[in-house]
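> After the sequence you'll find the predicted model.
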Amino acid sequence: MQKVSLAALARQQTDLAAGAGGGHTADTVYGGHEKVLRQTVIGMKQGACLAEHENPGEATVQVLHGRVRMVAGAESWEARTGDLLIVPDARHSLEALEDSAVLLTVAKLR
């Protein structure tokens, strides 16, 4: 068994995002391209945006700290620490409304 501190990873990724091009960084906690399930901690500085992209499979975004906005077409959802967003099965983007860290969980379609 392996234990991971999401709080520590969230702090680390948010700190790294400060110096990263685009204002965001990511670290895969579990899984990867060879697995169905993938969990990634993403740190984002306020104003950083993950540009519009396709949904790679069933996915959720859990806000570990901060506040984010997800946009899909004409709809948008804001979430803050402790909230869970169900990623729509559509092109979408994610913007940090303040320094934030999220846990992206994806079960890829085969």
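The structure has been received and is ready for your questions.
> And the residue lying closest to residue 92 once chain neighbours are set aside, how close does it get to residue 52?
In space, and not counting its chain neighbours, residue 92 is closest to residue 72: 4.1 Å by CB to CB, 6 or more residues apart in numbering. C-beta coordinates here come from the backbone N, C-alpha and C atoms, glycine included. Distance from residue 72 to residue 52, counting by CB to CB, to the nearest Å: 9 Å.
> between those two, what contacts are shared?
Residues touching both residue 72 and residue 52 by CB atoms under 8 Å, 6 or more residues apart in numbering: 91-93.
> May I see the ChimeraX selection of the buried members of these?
Buried members of these, defined by 16 or more other CB atoms under 10 Å, are picked up in ChimeraX with:
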select :92
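> Could you list which of the shared contacts of residue 72 and residue 52 belong to strands?
Members of those lying in strands (criterion: DSSP state E): 92-93.
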